[in-house]
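Asker: only the shape, not the letters, is given here:
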């Protein structure tokens, strides 16, 4: 099975400034997934993840940094755990809705495998 490392938050050209960019580029926001199946399915169903409010991005980014510094951030967390974290900690409705859709696609994929 061929895999690829993806950003959970995309597209790069939109997620390109300040804390929004910092959140997207945080190492924990990148995960290895099957390329020819799950990756294709996510992009087939979702065009991009809407940008959160700047304050929302700052707060979630700072939380990730704090958890990482304290050793509480599991760098081996599954894509489901990472998406669930974002959903639980973000407050921008459009962003949260698309993250929920992405999580559902991922869950359905892993139920089939």
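Answerer: Structure received. Owing to the predicted nature of the structure, the values given are computational and were not obtained by experimental measurement. Numbers count the residues shown, from 1 in each chain.
Asker: gap between residue 11 and residue 91?
Answerer: Going from residue 11 to residue 91 by C-beta to C-beta, to the nearest Å gives 22 Å. Just so you know, the C-beta spots here come from the backbone N, C-alpha and C atoms, and that holds for glycine as well.
Asker: please, where are all the strands along the protein?
Answerer: Using DSSP state E, the strands found in the chain span residues 3-7, 30-34.
Asker: who does the first one pair up with?
Answerer: In its sheet, strand 3-7 lies beside strand 30-34 (antiparallel), with partners assigned from DSSP bridges.
Asker: what comes up buried for the strand it pairs with?
Answerer: Using 16 or more other C-beta atoms under 10 Å as the test for burial, strand 30-34 gives 31, 33-34.
Asker: distance to residue 96 and pLDDT for those residues - can I get that in CSV?
Answerer: Shown next, in CSV, are the buried residues of strand 30-34 (distance: C-beta to C-beta, whole Å; pLDDT from 0 to 100):
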residue, distance to residue 96, pLDDT
31, 19, 97
33, 21, 96
34, 25, 96
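Asker: from those residues, which single one is nearest residue 83?
Answerer: The shortest gap between residue 83 and any of the buried residues of strand 30-34 belongs to residue 31, at 9.2 Å (C-beta to C-beta).
Asker: identify the bridge partners of that closest one.
Answerer: According to DSSP bridges, beta-bridge pairing links residue 31 with residue 6.
Asker: roughly how far apart are it and residue 78?
Answerer: Residue 31 is 8 Å from residue 78, by C-beta to C-beta.
Asker: alright, I will stop here.
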